[in-house]
Each structure stands twice: as C-alpha cells, then as structure tokens.
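*Asks:* Structure, please.
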Amino acid sequence: MDTLRGHDIVSEPDDFDHVGDAAIETPAAIGSDERRMQVRAYNYWASLLGDRALPSIEDLSPAELEDFGPNSVLLDFSAGIDNPAIVYLGTALRRECAITGPIQFINDVPPRSLVSRLTDHYLQIIANAAPIGFEAGFVNQRGADILYRGILMPFSSDDETIDFVFGVISWKELASNEVTDEIGREVDAALRTSAAPGAVTPIWADGPAADEDDGGTLDLAGMESPAADAPLADWLALARDGVEQARTSETRSHTALYRAIGLAYDFALAAEASPDDYAEILSDAGIKVQARSPLTAVVKLVFGATYDKTRLTEYAAALDHAKAAQLAVGTFADYLARYDGGLKALIRDERSQRRSSAPARPDRKATARAAMKAAAVIDPVAIATDVDGLAVVITRREADGTLAIVGVLPDGSDLGQRVIMAAAA
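*Replies:* As a prediction, the model looks like this:
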C-alpha cells in the first residue's frame, strides 16, 4: 500500500507487505473479492488513524462492521503477548472453527482451526508496529484443504503501546485430492473424445452465456480461446487465468498445468501475429527478449517474471518444442497430455535434441596451443619481471633448434606464482 493513511481500493493490490521484510506466505492466489475485503479493512483502519500514530481501540466496534465484522477477530495483548485474550470473534469465523461456546484466549482455540493460524503472524505486528498482510494454506480440523488470506492491524489504548490487534480473514475450501484427480481424469477423457473447438469469444462459467451450447469444448478455467482477431491483451489475460488455475491445482493434477502451458503457447502464436502489440506489452512489463531463448519472454509474461527460474526455463523449452512441431492454437495442452512421459519427458527429449544438433564446442586446449605455435617471437628485453627479476614465459622450439619466447604470464598472477613454486619443487 502506498501510505499508512489509506489506499484506493480500485487498484486491488495483491499484498499488504508494506512493513519491511515481514515474512508473508504466498500459496495459490485467492480471488479478487477476498482481496477487496482486506483492502476495505485496511482503509477502515487507516480512517481511524487521524493524527495518531496508532488508531485508538475505543474507536473500534467489530460487531457493528457488517462488511467484514463476521470475518474478524480482536486480540487483547494488555496481559501479555504469549497468550492474548480474544475480545471478539466474528460469527463466520466461529462457524468455520466449530466454536460454539465462550472462548477467552488464543490458546483455547481448537488446534488446526483457522483462528489458530493467527499465531503465525500476530507477533509481526508487535515487531513492526504496522499492518501485516498474509496468505497461506493448510489442512484444517475437518481434514479439508483451506486457502486463507488476511490482514492484522494494530490498535492502542494510549497511542504508544500496541495492546490490541484486529484481524480480518477470508478463506476458501479446496476439493480433496481424490475429487480433483477424478475430475482431471474425466476432463482428460472428455477432451480426447470431443470435437475441436470453434473460434468463439470468451465465455465465463458464471456469466450470462454459461448455459449456451456453442459446440465448443469448455476448458478448465471456464473460458474458451479468444476469437482469432481478438486483441493480444485478451490472449495474455486468458493465459494468466490458466496459470491461476494451475496454481490452485498443480499438486493434484497435471491437467491444469498443461492447459496453462498450452495457453502460453497460444499467446506466443498470437504475439507473432501482432509484433507491435507484443513489443508494447514487453516494454510495459520491463521484459527483454533473449536472442538465444526468445520464448522465455512469453513465459515470463504469462507466469510472472519472478516465477521459479528453473520452471521458466523448462516451460520455454516446451514452447520451443511446440513451435518446432508447428502445433496449432489450442492443441498443445492435449499434446502434452498424450506425450509419453508428459511434460518432464518432453523437456528431456527437447534438451537432448538440442545437444545432438548443437555444433561441437571447440577444443580450448588445441586452440590455445595452435595460437602459441603461430605467435610472434617476443624480445626478452621487453619482458617485465617481478621484484626478484623473475617472469614466467612460454617458449617454442624453432626449426633451427633454438627456443623463442612466444608468451608471457602477467606479472603477479597467481598462476605464475604456482608455476614458480612447481618449478622450484
């Protein structure tokens, strides 16, 4: 966020890590609605600052906050930071944590419940004296995979000491591994037996055209490929949506990851057809095309420039393979699924092909020896020596049997000193 006095929520920032090097977990992304809740909570906190260093706890009434009050918790540190008291716990959090009776302290919270996760973050508030944003995932007390996102905000009773912390948390539950694996298998089977999709405009799963049968194949993100003449930005947006899908399911099925890589390849083809637009997008993102691996720029645009560098390199190699095979738009994901051994095998084979087709590297030793054989003779008088009058030189036997100096090691070099020591041994 820009300042501690508030933020324009229209910009929908992705994080709240504006306090130094505070540790923030970053799992699969949570939707924009949850982000907006955290932004609204932050702006509410900032509105209570006034001219104070910290908002007054007397101005806070969580029960009256209809927007995010049910998702909030208020901790009281006045009696100590090891086991803060729970002054308020919103109804939504109570239901999620299966808390039905009174609860007084953080240690009373059921283990592996959502509120118990606050212990991972609230000490950062004491250390930084500023709001802390966080997001992570865990398996809760019901055995369900939960992704959560929240913000903790400091309050004070004397404008000096942080003795209260107000937290707002949003979350979503993911399907189990068994369910998502079964869905992945069913989708794979459906894609293999379905007709090729036609050129249609995007359709969102919850949009007004969600129930229309256009003869195409519904993909995992709930959208079809853009029309052939759609702006390049639409292709990039769709590819990035595919990445978001993969981030939430990459530990459960290869289907979403293969689809994301396939959409990145589709974007690469669209970028070739719109070079000016592509150059503008690259310039805006601050990404430069590498001559030896031009498709790395595409992968950075789609997956993010800070994405794991090993994965970026692998995905770029996969796109190189697809381009060499001249695959059509919308076919690469299925190609990956059918490839014997999947993505890893394809990357392995692509790299093996590169090595076999690459020109042989020159023999550096042979090149250096050939250079010395052809080098001009050096006048001994022109050779610089060290303080002891020593120099390490390379000589060449001439046709008449004499030795000529053709090379000199730099004065004071470590290699020269080791040569002198070896010669004296």
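
*Asks:* make it CA atoms for all contacts and neighbour counts henceforth
*Replies:* Noted.

*Asks:* Identify the residue spatially nearest to residue 163, adjacent ones excluded.
*Replies:* Distance criterion C-alpha to C-alpha, 6 or more residues apart in numbering; nearest residue to residue 163, sequence neighbours excluded, is residue 77 at 4.6 Å.

*Asks:* From what I see, the one you found and residue 87 are in contact.
*Replies:* No - under the criterion of C-alpha atoms under 8 Å, residue 77 is not in contact with residue 87, lying 10.1 Å apart.

*Asks:* coming back round to it: the residue nearest to residue 163 and residue 298: what is the separation?
*Replies:* Distance from residue 77 to residue 298, counting by C-alpha to C-alpha, to the nearest Å: 49 Å.

*Asks:* what's the answer for residue 140, then?
*Replies:* Between residue 140 and residue 298 the computed distance is 38 Å (C-alpha to C-alpha).

*Asks:* more crowded one of those two?
*Replies:* Here residue 140 and residue 298 are set side by side on neighbour count (other C-alpha atoms under 10 Å), and the busier one is residue 298, at 25 against 19.

*Asks:* Mind telling me what element the more buried one is part of?
*Replies:* helix 295-303 (DSSP states H and E).

*Asks:* try residue 353
*Replies:* For residue 353, the host element (DSSP H and E) is helix 342-357.

*Asks:* export that helix as CSV, just CAs?
*Replies:* What follows is helix 342-357, C-alpha atoms only, in CSV (Å, rounded to 0.1, in the frame of the first residue of the first chain):
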residue,chain,number,x,y,z
GLY,A,342,4.3,-36.0,-20.1
LEU,A,343,6.0,-32.6,-19.6
LYS,A,344,9.1,-33.9,-18.0
ALA,A,345,9.8,-36.3,-20.8
LEU,A,346,9.1,-33.7,-23.4
ILE,A,347,11.6,-31.3,-21.8
ARG,A,348,14.2,-34.1,-21.5
ASP,A,349,13.8,-35.0,-25.2
GLU,A,350,13.9,-31.4,-26.3
ARG,A,351,17.1,-30.8,-24.5
SER,A,352,18.6,-34.0,-25.8
GLN,A,353,17.7,-32.9,-29.3
ARG,A,354,19.4,-29.5,-28.8
ARG,A,355,22.6,-31.2,-27.6
SER,A,356,22.7,-33.6,-30.5
SER,A,357,22.1,-30.8,-33.1
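
*Asks:* Packing partners of that helix?
*Replies:* For helix 342-357, the elements it packs on are helix 309-324, helix 332-338, judged by 3 or more C-alpha pairs under 8 Å, 6 or more residues apart in numbering; DSSP states H and E.

*Asks:* Residues in contact with the last one: which ones?
*Replies:* If I follow you right, that is helix 332-338. By C-alpha atoms under 8 Å, 6 or more residues apart in numbering, the list of residues contacting helix 332-338 from outside reads 188, 191-192, 255, 258-263, 265, 322, 342-343, 346.

*Asks:* out of the residues you listed, who's nearest residue 36?
*Replies:* Distance ranking of the contacts of helix 332-338 against residue 36, using C-alpha to C-alpha, places residue 260 first at 25.7 Å.

*Asks:* for the nearest residue to that closest one once chain neighbours are set aside, what are its contacts?
*Replies:* Of all residues beyond its chain neighbours, the one nearest residue 260 is residue 242 (4.5 Å), with distances taken as C-alpha to C-alpha, 6+ apart. Residue 242 makes contact with 221, 256, 257, 259, 260, 263, according to C-alpha under 8 Å, 6+ apart.

*Asks:* How much space separates residue 242 from residue 313?
*Replies:* Distance from residue 242 to residue 313, by C-alpha to C-alpha: 18 Å.

*Asks:* Grab the most central residue of the protein for me.
*Replies:* Among the residues of the chain, the one closest to the centroid is residue 307, at 3.8 Å (C-alpha atoms, centre = their mean).

*Asks:* Cool, thanks, signing off.
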